[in-house]
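Novice: Structural data only, the sequence is not supplied:
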């Protein structure tokens, strides 16, 4: 195997798949990039068994072949080179690799491609398409709400519910919930997938801001295809909780407030809150929202008042301030609605104006205490 490739282009493609390199692999070859030549281009793959990323690179190929090259060594070599053509030649008998640049030669030993896990690519699986921008928004607005509880494997992931006319991304840790729906997204199949948070964050790091992405899905795996790149991931095989069942439907009290003003106030107030609960207390009256926090042990307390629009009976309700900050930070609207009913019932947070073709809903559980 022998090929010549731009050092910058090669490094860019290696960076794209490096999120799937294993740091503490169960088999040594998972620290490697699998590189093969075919039809005038290179195929570059990395895998940690749970997550696999494959992409293509343009190269001048003299002879074809396949080799597993130590990932970190290859990337560190290319990072220190100025933009230039580099030649890589592989001895198929010894797996020896020689990298030739304008200033020197570097030799290392690779591993047989036979030791690399068998790659699977989408074939006859059901599939849907969506814009890259929509998927990036979905990841941003749901990943933070996943659980870290090892006893609740399903809730550690993000649920993707595929209906014939819509896609819904949902995440919850039992304290907060995000439900983000894309309407008018046609599909010939109906299914529910639980995607790992790690795979979606890896996908976010390599997704282009523009263009479309195709999602193929089966019973145990999902594939995300875009720009000659395929990311495949194992699904979490568990039953996701019925998140719709916990969303209250009767919320007669409606608070409207500026999102940035509320977010700024919460960031200041949470500094003075109890460090175990991060509780902030909303005291809501007509046209007046007073938010307070205190830490009795440290004799800290703070209060701020914001202008608002409110329809309903006066209510006092406590929330986890850090959770609210996380939720408001991933929204991009000017004003929000908070729907309430009682001090011991969840609050529903909605954009005052939903984006066209989208429905975003966030739920936060109250913190009960004596105010």
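Specialist: Nice, thanks for sending it over. Being a predicted model, the structure only gives us computed values, none of them experimental.
Novice: Give the helix, strand or coil label for residue 332.
Specialist: Under the three-state scheme (DSSP: H, G, I helix; E, B strand; the rest coil), residue 332 adopts coil.
Novice: Residue 216 bridge partners, please.
Specialist: Beta-bridge partners for residue 216, by DSSP bridges, are residue 127, residue 223.
Novice: Please enumerate the helices of this structure.
Specialist: Using DSSP state H, the helices of the chain run over 7-17, 71-79, 132-142, 197-206, 259-269, 321-329.
Novice: Quick one: closest of those to residue 32.
Specialist: helix 71-79 (5.6 Å; CB to CB). To be clear about C-beta, it is placed using only N, CA and C from the backbone, and glycine gets the same treatment.
Novice: Let me see the domain layout of the protein.
Specialist: Domain assignment for the chain by automatic domain parsing gives 2-115, 126-243, 247-364.
Novice: Take these and write them to CSV, including mean neighbour count and mean pLDDT.
Specialist: As requested, the domains of the chain are exported to CSV (neighbours: other CB atoms under 10 Å; pLDDT from 0 to 100):
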stretch, mean neighbour count, mean pLDDT
domain 2-115, 17, 92
domain 126-243, 18, 93
domain 247-364, 17, 95
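Novice: quick one on the thing from earlier: make a markdown table out of the helices of the chain and add distance to residue 303.
Specialist: Converted to a markdown table, these look like this (distance: least, CB to CB, whole Å):
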| stretch | distance to residue 303 |
| --- | --- |
| helix 7-17 | 48 |
| helix 71-79 | 51 |
| helix 132-142 | 30 |
| helix 197-206 | 36 |
| helix 259-269 | 8 |
| helix 321-329 | 13 |
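Novice: and of the ones you listed, who's closest to residue 99?
Specialist: Nearest of the helices of the chain (CB to CB): helix 71-79, 6.3 Å.
Novice: OK, contacts around residue 117?
Specialist: For residue 117, the contacting residues are 30, 47, 49, 52, by CB atoms under 8 Å, 6 or more residues apart in numbering.
Novice: Format the residues you listed as TSV; extra columns: distance to residue 78.
Specialist: Formatted as TSV, the contacts of residue 117 follow (distance: CB to CB, whole Å):
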residue	distance to residue 78
30	20
47	20
49	25
52	22
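Novice: Test my guess that residue 293 contacts residue 302.
Specialist: Yes - counting by CB atoms under 8 Å, residue 302 is a contact partner of residue 293 at 5.5 Å.
Novice: So for these two, which residues contact both of them?
Specialist: 269, 272.
Novice: Surely residue 211 touches residue 129?
Specialist: No - with contact defined as CB under 8 Å, residue 211 does not count as touching residue 129 (10.6 Å).
Novice: I'd guessed residue 13 sits against residue 44; true?
Specialist: Yes - counting by CB under 8 Å, residue 13 touches residue 44, with 5.4 Å between them.
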